[in-house]
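below is the sequence, then the predicted model.
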Amino acid sequence: MKSFNIVVCASGGGGNFRSLIKYQCDYGYHISLLIVDRECPAIKIAKENGISYSVLEKKVLGKSFFEEFEKIVPIDTNLIVLAGFLPIIPKWICEKWERKIINIHPSLLPKYGGKGMYGVKVQEAVLRNHEKYAGCTVHYVDSEIDTGEIIAQKKILVMENESAWELGGRVFNEEIILLPLAIKHIREAMKVIP
């Protein structure tokens, strides 16, 4: 049987990465590699779970970052998963890996996406604009920021007097369920049987 191999890219705490590890057996995918662009807690999670990882420091590599990135992605990779990965993926990688790179974003896209819209900044904008709903989106990555085809969304009600951090925590709790499920559905659509 063929494995459905994913590469996870992260820049931070690794919460989504931990969730992807938790569901990989049940949902029929295999995490073959973690790529991080800085020293971050996701590395510790990879070590604890026996997952290979690579640190490509964007600040050190500069313009050659994505050339190095491309060299280390295994040839048998079915999907690249951006889970809190901050570097913007260049057009040439998006074209080479068309419909094989996905991202999780903490808003109901197309609202509150684009340059500078990440983390608590998204929830601050949601609250500032008195939105009734917040949520998260899994989407394919294209050459623009947060504009790719939407795969799945989860909507939650914004609570009265909720802080951006509280709302962000609730949205994150939906992200860690939605992202692994979206990967499962992509695997099934590609007809890769674990």
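It's in.

list the buried residues in the longest helix that the chain contains.
Secondary structure of the chain per DSSP state H: the longest helix is helix 164-189. For helix 164-189, the neighbour count (16 or more other CB atoms under 10 Å) marks 164, 167-168, 170-172, 174-176, 178-180, 182-184, 186-187 as buried. In this view, the C-beta of every residue, glycine as well, is placed from N, C-alpha and C.

what's the mean pLDDT across it?
Helix 164-189 shows a mean pLDDT of 97.

can you check stretch 90-99 too?
94.

distance from the longest helix of the chain to the middle of the chain?
9 Å (CA atoms, centre = their mean, to the nearest Å).

next one: stretch 40-55
Remark: stretch 40-55 is offset 16 Å from the chain centroid, using CA atoms, centre = their mean.

now tell me which helix or strand of this protein has the poorest mean pLDDT.
helix 58-61 (a mean of 73; mean pLDDT, DSSP states H and E).

that one: which residues count as buried?
residue 58.

one more: stretch 50-70?
Neighbour-count burial for stretch 50-70, with 16+ other CB under 10 Å as criterion, is recorded at 51, 53-54, 56, 58, 65-66, 69.

and if you look at stretch 6-19?
For stretch 6-19, the neighbour count (16+ other CB under 10 Å) marks 6-12, 14-19 as buried.

ditto for stretch 126-136
So, applying 16+ other CB under 10 Å, buried residues of stretch 126-136: 126-127, 131, 134-136.

same check on stretch 153-160?
Across stretch 153-160, burial judged by 16+ other CB under 10 Å covers 153-154, 158.

distance of the spatially most central residue of the chain relative to residue 13?
Taking CA atoms, centre = their mean, the centroid of the chain lies closest to residue 83, which sits 2.5 Å from it. Note on residue 83: its distance to residue 13, by CB to CB, to the nearest Å, is 10 Å.

widest-spaced pair of the buried residues of stretch 126-136?
Largest separation among those by CB to CB: 127 and 136, giving 15.8 Å.

show me where the chain has helices.
15-27, 41-48, 58-61, 65-72, 91-96, 120-128, 164-189.

reformat those as JSON lines; add distance to residue 148.
Formatted as JSON lines, the helices of the chain follow (distance: least, CB to CB, whole Å):
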{"stretch": "helix 15-27", "distance to residue 148": "17"}
{"stretch": "helix 41-48", "distance to residue 148": "23"}
{"stretch": "helix 58-61", "distance to residue 148": "21"}
{"stretch": "helix 65-72", "distance to residue 148": "17"}
{"stretch": "helix 91-96", "distance to residue 148": "8"}
{"stretch": "helix 120-128", "distance to residue 148": "17"}
{"stretch": "helix 164-189", "distance to residue 148": "13"}
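
tell me which of these sits nearest to residue 35.
helix 65-72 (6.6 Å).

returning to that earlier point: ok, now which ones touch the residue nearest to the residue nearest to the centre of the chain when sequence neighbours are not counted?
Counting by CB to CB, 6 or more residues apart in numbering, residue 16 is the residue found nearest to residue 83 once chain neighbours are left out, at 3.7 Å. With contact set as CB atoms under 8 Å, 6 or more residues apart in numbering, residue 16 has these partners: 10, 83-84, 104, 175-176, 179.
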